[in-house]
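# Whatever this is, show me its structure:
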Amino acid sequence: MLSNPRSDRVRAVHALTRRAVREREQAFLAEGPQAVREAVAFQPDVVREVYLTPAAAQRHPGIVDDARAAGLRVQTVTDEVLTAMGDTQAPQGMLAVCRRLDVTLDAVLAGDPRLVCVLTHVRDPGNAGTVLRGADAVGADAVVVSEASVDVYNPKVVRSTVGSLFHLPVVVGVPVEEVLGRLRGHGIRLLAADGHGDQLLTAPAVERRLAAPHAWVMGNEAWGMPEETRALCDDVVRVPIHGHAESLNLAMAATVCLYASARALHDDAPH
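The predicted structure follows:
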């Protein structure tokens, strides 16, 4: 039982809440049973160690058994230690230290993706994580998070993905212009999601395009998408609003767009 919240190990784990340390150590935190469960189940090779309280071990014996079966280090700690390790005051009894999951854009393109989601200037951790979760839900082939966006390994981003970070390829740190140029060069149509778009998501011409390989390009929460980024895209598409709401926030609009893509790409798939 690790019981000293001021020990060197506790400090080293907590230091991963800082971006500079995450980059130096090439590691990040996955907090809460859902994130730890998905990390152990889908990416056990990236899990360095699992920390959990005795109460959490009793509540989630399957996670403990799977972690030990994978040969992972499992360490019990006090509630005080777990709180000192993490980013949240309510850590839900467990966290894992994981190495980064970076995938290259070359690897994604080698798989001939049909649906990609690109976050160009997304700064809000909750929005980024929610979009990644939505991309996972619709079966997207990858998410690309540009260098101008939030750190995908920020603890708030990781928590808001609710484990989806471990389910699909995520490319990080590539300049927006390079991402869009490489995708277009691979025959992937670029669709900018913008509330001022000149084409409706429900237009027949747009729906036909969603049946071919394409990428949704998402902009910033507050100031939208820069003109220079829109100009690099093939189409600028808006979600129709039939009520009195002024607009949809980024995560809501992205989810609507991604599900339109899923319908077009998987229309004949069993439900």
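
# Now find how far off-centre the helix or strand where Val118 lies is within its chain.
Using DSSP states H and E, Val118 maps to strand 115-119. When distances are taken as Cα atoms, centre = their mean, to the nearest Å, strand 115-119 is centred 11 Å away from the chain's centroid.

# Packing partners of that strand?
Counting contacts by 3 or more Cβ pairs under 8 Å, 6 or more residues apart in numbering; DSSP states H and E, strand 115-119 packs against helix 125-137, strand 142-146, helix 176-185, strand 214-218, helix 250-265. The way it works is simple: take the backbone N, C-alpha and C, and place the C-beta from them, glycine included.

# Turn these into a markdown table, columns for mean neighbour count.
Below are these laid out as a markdown table (neighbours: other Cβ atoms under 10 Å):
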| stretch | mean neighbour count |
| --- | --- |
| helix 125-137 | 23 |
| strand 142-146 | 25 |
| helix 176-185 | 17 |
| strand 214-218 | 28 |
| helix 250-265 | 20 |
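
# Compare these and report which one is nearest to Ala39.
helix 125-137 (13.9 Å; Cβ to Cβ).

# Could you tell me the angle between that closest one and strand 142-146?
Angular relation of helix 125-137 and strand 142-146 on a 0 to 180 degree scale: 160 degrees, by axes from the mean of the first three to the mean of the last three Cα atoms, to 10 degrees.

# For helix 125-137, which outside residues touch it?
Contact with helix 125-137 is made by 117, 119, 122, 143, 145, 149-150, 152, 154, 156-162, 164-165, 167-168, 170, 218, 221, 249-251, 254-255, 258-259, as judged by Cβ atoms under 8 Å, 6 or more residues apart in numbering.

# which stretch among the helices and strands packed on strand 115-119 comes nearest Gly195?
helix 250-265 (7.5 Å).

# Tabulate the helices and strands packed on strand 115-119 (JSON lines), appending mean pLDDT.
Below are the helices and strands packed on strand 115-119 laid out as JSON lines (pLDDT from 0 to 100):
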{"stretch": "helix 125-137", "mean pLDDT": "96"}
{"stretch": "strand 142-146", "mean pLDDT": "96"}
{"stretch": "helix 176-185", "mean pLDDT": "96"}
{"stretch": "strand 214-218", "mean pLDDT": "97"}
{"stretch": "helix 250-265", "mean pLDDT": "94"}
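
# among these, which is nearest Pro33?
Judging those by Cβ to Cβ, what sits closest to Pro33 is helix 125-137, at 16.3 Å.
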